[in-house]
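Asker: test case, fold it:
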Amino acid sequence: METKVSMYIIVLYILMVTLRVTKGTQYIAPGECKWSHISSLKFDVSLTCNIGYLSPSSSSSSSSSSYSSSSSSFSSSGSMNHGLNLSLIQADHTISLTLICDDSFAESKLDNSSLSHLRNLKSLTIEACQLSYLNGDELSGLESLRNLTIRSYVPTRGYRTLWLNHSSLKHLRKLEQLDLGFNNLVDLPADLFCPLTSLKVLNLTHNSIAGFGSLGVVDHTFGHLCSQELQELDLSFNRIDFISQTGVANLKNLRSLYLQNNQIAEVSEISLSALHRLQIINLASNQLNHLPSRLFRDSIELQELHLQNNSIASLESGLLGGLSKLLLLNLSYNQISSENINSETFADLIRVIILDLSHNRLTRIDKLFFVNLYSLQKLNLAHNQITFIEDYSFALLYNLHILILDGNGLVKIDPYTFNGPNLLRGLSLNANSLTAIHRDAFKNCSSLQDLQLASNNLKEIPSAISHLMELTNLDLSDNKIVGINSTSSGNINSDNAITMINLKHLTRLDLSKNKISNLSRNFFKDLPSLQYLDLSGNLLNGLEPGLFDDSAPTLTTILLQDNKLTDINGLFINLINLRHLNVSRNSILWFEYAFIPESLLILDAHSNVIEELSNYYKVERRCTYLDFSHNHIYKEINTWSIPNSTETLLLNNNNLTSILPMTFATKVNLKHVDLRYNRLSSLDMNAFRFKSIPSSRPLPHFLISNNPFYCDCNMEWLQRVNKDETRQYPLVRDLDRITCQLPFVRESTYLPLVKANSSNFLCKYKTHCFALCHCCEFDACDCKMTCPDNCTCYYDQTWATNIVDCSRREYVHVPSRIPMDVTDLYLDGNQLSSLSSHTFIGRKNMLTLYLNNSGIHSIANRTFNGLQVLQVLHLEHNYITTLNGFEFESLSRLRELHLHHNRISFINSRTFSNLTSLQVLHLEDNFISDYAVWSLNYNQHLMVVHISNNLWSCRCDFVSRLRDWMRNEAAYVKDKDTIRCHYNNTTIGPFIWQLNSSKCTNYSDISNHRGLIDSHGGFSGGNSVVIGGSLSREGSPSTFANEVSFFQNSLVQSYMPLTIGLIAGIVAIILIIVLITIYHKEIKVWIYSNYGFRFFQKSHYPPETERLFDGFVSYCKKDEAFISQILAPELECGHPPYRLCLRYRDLPVTEYVAEAISEAIESSHRTIILLSDQYYKSDSCHFELKVAHQECQVNLNHKIIVVVLDKNSLNHLDADSKLCIRSSPIIHWGDRRFWEKLRYAMPPGRGLSKPLNCPDVRASIDFKRAINLHAV
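Answerer: The predicted structure follows:
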């Protein structure tokens, strides 16, 4: 029972959910709005609408009209949607509404109560709509609203201001969050926010509010304060210059106050006295130069104080007093000097964790500055003017972890400067002027792990670091260090000699950008944990062999780029843990894999002068990343040039000319290879071959473009390499960008590889003689191959294929001197009439012979004699009538014989008996009537036979044997279901496959209708009469025609031609209509370009529409060369000539250029937009496009023409620009018939011949037009 109840509950729940889903899916967003679910259970909806601007007509409610009729009034034409009817928004599920205006210059307005039907609305956002006022009734009815955001985003201050009165928000009593930012608000009514008794968050950022006097929180009518529950107030980015004592005094529950980026220069001493709960205050980026000492006295809960980026020069005594809960204090970017800080300044900040005093004017640090900051963990004193730090200044900072002193003027470090902070982990002294550091300076900083001394004036490694036993990271880059000594150099008293002794934990050492020219052999012996060494950017021109031997076994990274090294032999071979080596941008001449250790994974040697990747000893390395780009490598690449472990190989920008076969066969880990910008002209098919790559791993990616490839018969494989399914070749990612020189193109130009035809890869020959041939000097030489006159001969790389193409050459006889080694001979499409004996004698290698469509009537005896290995013979579509039996005697290896579509009526029974290898035989579509097809049983390899559409006899005995044979050999008679017999070779009979011969009697007198097929598909004797093409017994009804399926003679003769003609006519008309519909634009352009006729357009200017210019050309300054040299000459000097207005040529350069552009567009019939990659980046071009779009709306005769210069320009346009050109013709530069399309889009010609100021540039135009057509 309980189980049943549970089941009922589950079913009821599913039913309720289904009903809710059904109800939710009925939500329809009006216009171009988009909606999304907020809550899947209640099906609450958030609706976002992009409109042009809000207008009374678009926001008005039309409750009397039905939804369907109202929805039809949506504005779907034009560039923007101005006609959104807000009353059509469904009220049941809409709890969030966002209205975004696309036209940021048009004024927007809301009608009264236009949103009142949205009773469940909780969040309303209106963005980028230039509302000029809110009187209060516009938002009436929104009692449930909790969140309201109105942001106009006015372009500039002073452009337009949102005006509010005391009743603007009176209907929003439950509002909790209000955002009125970016509205250019200047003044607010005194009691504006008083109706908002639940308001907690108020955002007024980015306005023009100048003070707190009109903050809208005082009700003068009743004399009480408002907004008592406000917790967060954002007044950032306004014009407030003074915080009065009553400014925010009444906001007693305020916890966060954001006043950054104002103009505050003065703050009243008691302005924050009532804010006892204040936790965060941000006064950054103002003009404060002084703060009253009692300003924060009552803000005892303050945790974050942001005062950065002001002009504060001093901190009054007691200013920070009592702020015992303060955790963060930011005083950076001020003018605080050392004289204005004393022991009382930070005395009460016992919990401060972060103190930022960077970018001030501190010149010295006294030991009393930070007395009580025992919780401080991070102290930032960077970028001051500190030149002196008193001893023990940081002694009481017990918890200090990070101390930053970058960018000061410190010249030296004394022994007790950093005495005290035992927990110090990081010390940064970058960008000072340090020349000396006392050897005991870090004596009490034993926990220091990270020491930054970059960008100083140190000439040697300071000996003070010898005390830092826990040091792991040392940065001495960008100093003036010249040489480095060690304890093993013999100078045991030198500071350098004991510098590195105790750095047992040092893992990272940066000595880059110094002046080091040599390194002591045993320098690294004292650094047993060193892993990272950076010596880049020095003056090293040679390193002593064995420098790293047995000295730094833990080294994993060595950076030596940007030096003057010429040789790296013997430097790294014993570094058994080295993983990363960078020797790029040196002058290394010679590279040998034996130079690098087996453990190396990353090797960067680009931008050297290496000429060869040598592996003389054929050692195997573990490198996964190799960069030898931008070198001088010219010698061939082989399998030993690349380690088997390599994953990334960069060899671009070298002089490579050859890659040997199987170079990558064993490189099973390869992922990326870059071979671009080399001198590769040919690639062997096995050059990129791999062992079979498992399907679980992606194919390697190769880049090989920008090489001078010569695509002969050896290169065809490259075109299909990405389609290879064997997984033995890489994926060539830039295959579409590869160009190659084709051998058979007259201009010998470079063409894209993917656009080359397969015939382009065949090697052509006229005469060829093999090396073992001894009769080449004679004409009658079998081993000498000479291509016949007027024929084209090709061969592949191995000469296994030798193609002779003589098709469609108007030969009347088989050409002489066909090469004896021909494998494929094409003679189709000629007029040979007959084939004489021994025509092809001696062609012992011929595999395929095409003689189809050659007008052959007869084949002589022994025509094909000598074709010992011929496998395919095409004789279809000729006029052969008889096969006497001797035609194919010698073709014992023939596999395919095509004899269909001839006029064969007789076949000797011995015709196919010698074709012992025959597999495919086509005899369909001939006139054969009684050939004994069962004799084909002797062709034991026969697998496919086609014999349909012949005149097979309906004689009882023949049909019986034919049917039996078909049933026995049904497997290879492929067209058995369509084979029919014929009466007297004229009348079509039934399908033989369906006949039943059990009642067949041997009557054959067709004239007396004996021995015919009865009504049951069998045979019967007796007299029959032909009635209307059907057969019936005399004196009995005709039922034969209803049961036997064949055409009636009278119907065929009378109605069939008419029916076929009618169907063909209808199909032709439909096809024409479809083609016109698909290609109507191209047809219009073609008719106009050839006959000058425009469909449905006027062919001349009406007087009332006359304009000064035919077209205004909008383009970017960087595209001026294209306009002045190509586009303008063609249109202005072509036929018909047009008057163009070019901005940089015809318009004056004045401060009123905007007005000039507007007038020029109004004075033109068309605006031509030259769209390029630079166009959408230009603000002036965007302005011209909008002006042209507005002109199109005002003047219906004005049109925009878009000429796309760069392929991807359309994808980069913003939404506004795409709307402006949505209905405009778009013409791509390089399109076929580019100029015809452009002229068709232009207005009709003026009937002029050529302007007087037009030079004769026809030759130049024709030349450029030829270049354009060639590119197409």
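
Asker: packing partners of the strand or helix carrying Val45?
Answerer: Following DSSP states H and E, one finds Val45 within strand 44-51. Contacts defined by 3 or more Cβ pairs under 8 Å, 6 or more residues apart in numbering; DSSP states H and E place strand 44-51 against strand 34-39, strand 94-101. Quick note: C-beta positions are derived from backbone N, CA and C, even for glycine.

Asker: among those strands, which comes closest to Leu873?
Answerer: Nearest to Leu873, of all the helices and strands packed on strand 44-51, is strand 34-39, at 66.9 Å by Cβ to Cβ.

Asker: give me the mean pLDDT for the closest one.
Answerer: Strand 34-39 carries an average pLDDT of 85.

Asker: quick one: strands adjacent to that strand?
Answerer: Sheet pairing here is set by DSSP bridges, and for strand 34-39 it gives strand 44-51 (antiparallel).

Asker: what about Glu339, how many residues close to it?
Answerer: Here the number of neighbours of Glu339 (other Cβ atoms under 10 Å) works out to 12.

Asker: could you do Thr1059 as well?
Answerer: By other Cβ under 10 Å, neighbour count at Thr1059 equals 11.

Asker: what's the answer for Asn563, then?
Answerer: Asn563 has 24 neighbours, counted by other Cβ under 10 Å.

Asker: wait, isn't it in contact with Leu543?
Answerer: No. With contacts counted by Cβ atoms under 8 Å, Asn563 stays clear of Leu543, the gap being 9.1 Å.

Asker: all helices of the stretch 851-1000 of the chain, in order?
Answerer: 956-968 (DSSP state H, counting those that start in this stretch).

Asker: below-threshold pLDDT in it: ranges please.
Answerer: Applying pLDDT under 70 to the stretch 851-1000 of the chain flags residues 997-1000.

Asker: ok but Leu1131 is inside a strand, no?
Answerer: No. Using DSSP: H, G, I helix; E, B strand; the rest coil, the secondary structure at Leu1131 is helix, not a strand.

Asker: quick one: contacts for it?
Answerer: 1111, 1137-1138, 1140, 1238-1239, 1242 (Cβ atoms under 8 Å, 6 or more residues apart in numbering).

Asker: may I ask which of those has the most neighbours?
Answerer: Most surrounded of those: other Cβ under 10 Å gives Gly1111, at 26 neighbours.

Asker: from Tyr1138, how far out is the residue nearest to that residue when sequence neighbours are not counted?
Answerer: Leaving aside its sequence neighbours, Gly1111 sits nearest to Arg1166 (Cβ to Cβ, 6 or more residues apart in numbering; 4.2 Å). Using Cβ to Cβ, to the nearest Å, we find Arg1166 at a distance of 9 Å from Tyr1138.

Asker: same check on Leu578?
Answerer: 70 Å.

Asker: cool, and Phe182?
Answerer: The value you get for Phe182 to Tyr1138, if Cβ to Cβ is used, is 46 Å.

Asker: what's opposite His306 in the beta bridge?
Answerer: Going by DSSP bridges, His306 is paired in beta bridges with Asn282, Asn330.

Asker: model confidence for it, exactly?
Answerer: Value for His306, per-residue pLDDT: 97.

Asker: what about it, neighbour count?
Answerer: Using other Cβ under 10 Å, His306 is surrounded by 21 other residues.

Asker: surely Leu555 meets Leu533?
Answerer: Yes. Using Cβ under 8 Å, Leu555 is in contact with Leu533, at 6.2 Å.

Asker: okay, and the common contacts of those two?
Answerer: The overlap between the contact sets of Leu555 and Leu533 (Cβ under 8 Å, 6+ apart) consists of Phe524.

Asker: need the contact list for Val371.
Answerer: By Cβ under 8 Å, 6+ apart, Val371 lies in contact with 343, 346-347, 396.

Asker: swap the cut-off to 6 Å and go again
Answerer: 343, 396 (Cβ atoms under 6 Å, 6 or more residues apart in numbering).

Asker: so it, which of the three states?
Answerer: Each residue gets one of three states, and Val371 gets coil by three-state DSSP.

Asker: and it, how far is that from Ile633?
Answerer: 66 Å.

Asker: could you do Tyr392 as well?
Answerer: 61 Å.

Asker: can you check Asn722 too?
Answerer: Relative to Ile633, Asn722 is positioned 27 Å away (Cβ to Cβ).

Asker: quick one: which of these two has more around it?
Answerer: Remark: of Asn722 and Ile633, Ile633 carries more neighbours, 24 against 16, as counted by other Cβ under 10 Å.

Asker: domains for this protein, by residue range?
Answerer: As given by automatic domain parsing, the domain ranges for the chain are 240-409, 762-950, 1108-1271.

Asker: tell me which of those sits nearest to Ser87.
Answerer: Comparing the domains of the chain against Ser87 with Cβ to Cβ, the closest turns out to be domain 1108-1271 (25.3 Å).

Asker: what mean pLDDT does that closest one have?
Answerer: 77.

Asker: quick revisit: now the contacts of Leu1131 in CSV, with secondary structure?
Answerer: Formatted as CSV, these follow (three-state DSSP):
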residue, secondary structure
Gly1111, strand
Pro1137, coil
Tyr1138, coil
Leu1140, strand
Leu1238, helix
Arg1239, helix
Met1242, coil
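
Asker: okay, among the residues you listed, which ones form the most distant pair?
Answerer: Comparing all pairs in the contacts of Leu1131 by Cβ to Cβ, the longest separation belongs to Pro1137 and Leu1238, at 13.6 Å.

Asker: show me what counts as buried in stretch 895-915.
Answerer: Within stretch 895-915, the residues scored as buried using 16 or more other Cβ atoms under 10 Å are 895-902, 904-905, 907, 911-912, 914-915.

Asker: tell me which two of these sit farthest apart.
Answerer: Longest span within these, Cβ to Cβ: Arg895 and Ser905, 25.9 Å.

Asker: if I pick Glu344, what's in contact with it?
Answerer: Ser317.

Asker: list the contacts of the strand holding Val45.
Answerer: If you take Cβ under 6 Å, 6+ apart as the criterion, strand 44-51 is touched by 27, 33-36, 38, 81, 84, 93-102.

Asker: so where is the stretch 501-650 of the chain shaky, pLDDT-wise?
Answerer: If you take pLDDT under 70 as the line, the stretch 501-650 of the chain has these spans: 550-552.

Asker: which residues in it form strands?
Answerer: All strands of the stretch 501-650 of the chain, identified by DSSP state E, counting those that start in this stretch, fall at 508-510, 532-534, 557-559, 580-582, 591-592, 602-604, 613-614, 625-627, 648-650.

Asker: could you list every helix and strand that the fourth one packs against?
Answerer: Spelled out, that is strand 580-582. strand 557-559, strand 602-604 (3 or more Cβ pairs under 6 Å, 6 or more residues apart in numbering; DSSP states H and E).

Asker: mind putting those strands in CSV, distance to Lys525 and mean neighbour count included?
Answerer: Shown next, in CSV, are the helices and strands packed on strand 580-582 (distance: least, Cβ to Cβ, whole Å; neighbours: other Cβ atoms under 10 Å):
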stretch, distance to Lys525, mean neighbour count
strand 557-559, 16, 20
strand 602-604, 25, 21
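
Asker: to Val1074, which of those strands lies closest?
Answerer: For Val1074, the closest of the helices and strands packed on strand 580-582 is strand 602-604, at 60.6 Å, according to Cβ to Cβ.

Asker: list the strands paired with that closest one, with their directions.
Answerer: Going by DSSP bridges, the partners of strand 602-604 are strand 580-582 (parallel), strand 625-627 (parallel).

Asker: and those as TSV, adding mean neighbour count and distance to Leu451?
Answerer: Formatted as TSV, the strands paired with strand 602-604 follow (neighbours: other Cβ atoms under 10 Å; distance: least, Cβ to Cβ, whole Å):
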stretch	mean neighbour count	distance to Leu451
strand 580-582	21	23
strand 625-627	21	31
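
Asker: redo the ones you listed as a markdown table? Include distance to Pro1225.
Answerer: A markdown table is the format used below for the strands paired with strand 602-604 (distance: least, Cβ to Cβ, whole Å):
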| stretch | distance to Pro1225 |
| --- | --- |
| strand 580-582 | 55 |
| strand 625-627 | 49 |
